[in-house]
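1. coordinates only, sequence not included:
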């Protein structure tokens with residue numbers, strides 16, 4: 001799955017999220033260009049995503065509200081209610097039953113999915129992050145490359161303009 005997404009990202013010519021360092025553009029961790037964070041009662045209705053990538057990858061867990069460290073049942077973290085679902089497959093992940101990090105991968109542009117928030121004990125919340133290749137920035141990169149505004153350096157596109165130039169184009 002990750003190598004498929006690495007190839008999709010490279011084909012779309014969008015930058016890798018984070019620094020490539022010594023891993024190179026084809027490393028399995030170079031699979032995304034976007035990262036979204038959620039916390040403290042996040043929820044959304046069933047939807048599909050406008051992503052250019054086939055998959056979305058998500059990690060989430062209960063955390064201590066004051067420092068963001070992972071929380072567990074032994075810390076008296078007990079979420080009530082709250083779940084993630086993929087409607088097309090009748091899959092429901094009940095967060096209140098899981099003591100630890102939940103890792104989810106799904107076909108977000110294809111399958112209806114959503115999150116229902118739960119209640120958290122005082123001093124705790126739920127943190128999540130999802131990573132994908134979002135279609136909107138991908139279209140911008142493509143437009144900049146076609147218009148000659150951007151410069152391709154290896155696998156990455158770097159915009160060579162000012163904020164005012166960006167605002168004029170939007």
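-> Great, that's in hand. Predicted model only: the values in this text are computed from it and were never measured.

2. State the distance from residue 84 to residue 47.
-> When distances are taken as C-beta to C-beta, to the nearest Å, residue 84 and residue 47 turn out to be 13 Å apart. To be clear about C-beta, it is placed using only N, CA and C from the backbone, and glycine gets the same treatment.

3. Between these two, which contacts overlap?
-> 113, 114 (C-beta atoms under 8 Å, 6 or more residues apart in numbering).

4. higher neighbour count, the two?
-> Between residue 84 and residue 47, counted using other C-beta atoms under 10 Å, the more crowded position is residue 84 (20 against 11).

5. What's opposite that one in the beta bridge?
-> In this structure, residue 84 has the following beta-bridge partners (DSSP bridges): residue 93, residue 115.

6. Strands of the protein, residue ranges please.
-> With DSSP state E as the criterion, the chain has strands at 34-39, 44-47, 56-64, 80-86, 91-94, 102-106, 113-119, 124-132, 150-153, 156-159.

7. Tell me which strands the first one pairs with, and in which orientation.
-> Strand partners for strand 34-39, identified by DSSP bridges, are recorded as strand 124-132 (antiparallel).

8. what does the average pLDDT come to for the partner strand?
-> In this model, strand 124-132 carries a mean pLDDT of 88.

9. try stretch 75-93
-> In this model, stretch 75-93 carries a mean pLDDT of 93.

10. Stretch 103-115 now?
-> For stretch 103-115, the mean per-residue pLDDT is 92.

11. hmm, who's touching it?
-> Contacts of stretch 103-115 with the rest of the structure, by C-beta under 8 Å, 6+ apart, involve 1, 38, 42-51, 53-60, 82-89, 93, 128, 132.

12. Give me the distance between the closest residue to residue 87 other than its chain neighbours and residue 88.
-> Excluding the flanking residues, the one nearest residue 87 by C-beta to C-beta, 6 or more residues apart in numbering is residue 112, at 4.2 Å. Computed as C-beta to C-beta, the residue 112 to residue 88 distance reads 6 Å.

13. Check residue 34 too.
-> Residue 34 sits 23 Å away from residue 88, taking C-beta to C-beta as the criterion.

14. What of residue 41?
-> Relative to residue 88, residue 41 is positioned 25 Å away (C-beta to C-beta).

15. buried sites along the biggest helix by length in the chain?
-> Using DSSP state H to define each element, the chain has its longest helix at helix 135-147. Of the residues in helix 135-147, those buried under the neighbour-count criterion (16 or more other C-beta atoms under 10 Å) are 135, 138, 140, 141, 142, 144.

16. Contact partners for residue 14?
-> Listed by C-beta under 8 Å, 6+ apart, the contact set of residue 14 reads 33, 52, 133, 137, 138, 141, 157.

17. Lovely, talk soon.
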